[in-house]
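*Asks:* Fold the following and give me the result.
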Amino acid sequence: MAGVIAASELSWIAPFAGLSVRQFGKLITALRREGADPVRRGRPWSLPLEDRVLLVAAYWRTNLTLRQLAPLFGVSKPAADRIIDHLGPALALQQRKRFRKDAVLIVDGTLVPTRDHAVAEQSKNYRYSTNHQVVIDADTRLVVAVGRPLPGNRNDCKAWELSGAKGAVGKTMVIADGGYRGTGLVIPHRREPGQAQLPDWKEEHNTSHRKVRARVEHAFARMKTWKILRDCRLKGDGVHHAMLGIARLHNLTPAG
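*Replies:* Residues are numbered from 1 along each chain as shown. Sure, this is the predicted structure:
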């Protein structure tokens, strides 16, 4: 159909998927290999796989409503809804199960404002949000694990274990900020009661720790250029699928 967005027009790929044409092609090949485009009985999809993936990416990137987005791809609102429900989980990051012996990971939690109050709670940003524990590799800066979303009023100490992020990394060394006290992770040194200041060697350790841990903040900054992570309208597992899918796309970009 003329006048609509399609992956065949290569100039649309970078703005909506954040990938080069070559990276987008590799993603499509991987999705087909993973069974994301099976032969269906009955009515076929109204769009080819390439356009369906671009539609999902455009939804996550722009956070347009489906009523606004569907006409841009030449499909109905229900068709766009079905595409997102089907491909959102298929685009999810395949979380790493093994790590190098010398690997160092970084974890931090980020809040995603979420309109589904069944999975969210008011948090420190005064909005109904979900807490997502994200783990990156300190060396490659790639996302290696994302915990299941928890209500935004859960602190990071509890969310680290309850979300499944702790189980996903096993015994690999993980560093975190001071909010993870008592979890066994590597956190900054703290002053003891009555201690005016830390010894110089501890201050040096904390400085080094901050510089390394900042890499997870940089990852969050890039992931939150996807506007759905600023105000998610998806219900149920939709916010989890969006976070996992965006993590996968983030890992494919040169910046990742």
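*Asks:* Which pLDDT value goes with the residue of the chain positioned farthest from its centre?
*Replies:* In the chain, Gly194 marks the outermost C-alpha relative to the chain mean, sitting 41.2 Å out by CA atoms, centre = their mean. On pLDDT, Gly194 comes in at 75.
*Asks:* what does the one 10 residues further on give?
*Replies:* pLDDT recorded at Glu204 is 89.
*Asks:* do the same with Gly182
*Replies:* Gly182 carries a pLDDT score of 89 in this model.
*Asks:* still on that earlier bit, looking at this, the residue farthest from the centre of the chain is in a helix?
*Replies:* No. Under DSSP: H, G, I helix; E, B strand; the rest coil, Gly194 sits outside any helix and is assigned coil.
*Asks:* quick one, phi/psi of it?
*Replies:* When quoted as degrees, to the nearest 10, the phi and psi of Gly194 stand at phi 80, psi 0.
*Asks:* now it: how far from Lys166?
*Replies:* 33 Å (CB to CB, to the nearest Å). Any C-beta I mention is one placed from the backbone N, CA and C, and that applies to glycine too.
*Asks:* mind listing the strands for the stretch 1-150 of the chain?
*Replies:* Assigned by DSSP state E, counting those that start in this stretch, the stretch 1-150 of the chain shows strands spanning 104-113, 121-122, 128-137, 143-146, 150-151.
*Asks:* can you list contacts of the second one?
*Replies:* Translated: strand 121-122. Tyr128, Ser129, Pro151, Gly152, Asn153, Arg154 (CB atoms under 8 Å, 6 or more residues apart in numbering).
*Asks:* now with 7 Å?
*Replies:* Contact partners of strand 121-122, identified using CB atoms under 7 Å, 6 or more residues apart in numbering, comprise Tyr128, Pro151, Gly152, Asn153.
*Asks:* What separation do you get for Ser46 and Leu55?
*Replies:* Taking CB to CB, one finds Ser46 at 10 Å from Leu55.
*Asks:* before we move on, what about Lys124?
*Replies:* From Lys124 to Leu55 the distance is 34 Å (CB to CB).
*Asks:* Check Phe24 too.
*Replies:* From Phe24 to Leu55 the distance is 13 Å (CB to CB).
*Asks:* Likewise for Ala92?
*Replies:* Note on Ala92: its distance to Leu55, by CB to CB, is 17 Å.
*Asks:* Who has more neighbours out of the two?
*Replies:* Ranked by neighbour count (other CB atoms under 10 Å), Ala92 and Leu55 place Leu55 first, with 26 against 19.
*Asks:* What pLDDT is listed against the closest residue to the more buried one other than its chain neighbours?
*Replies:* In space, and not counting its chain neighbours, Leu55 is closest to Phe73: 5.1 Å by CB to CB, 6 or more residues apart in numbering. With respect to pLDDT, Phe73 scores 96.
*Asks:* quick one: Phe73 and Ile5 touch, right?
*Replies:* Yes. Between Phe73 and Ile5 there is a contact at 5.5 Å, judged by CB atoms under 7 Å.
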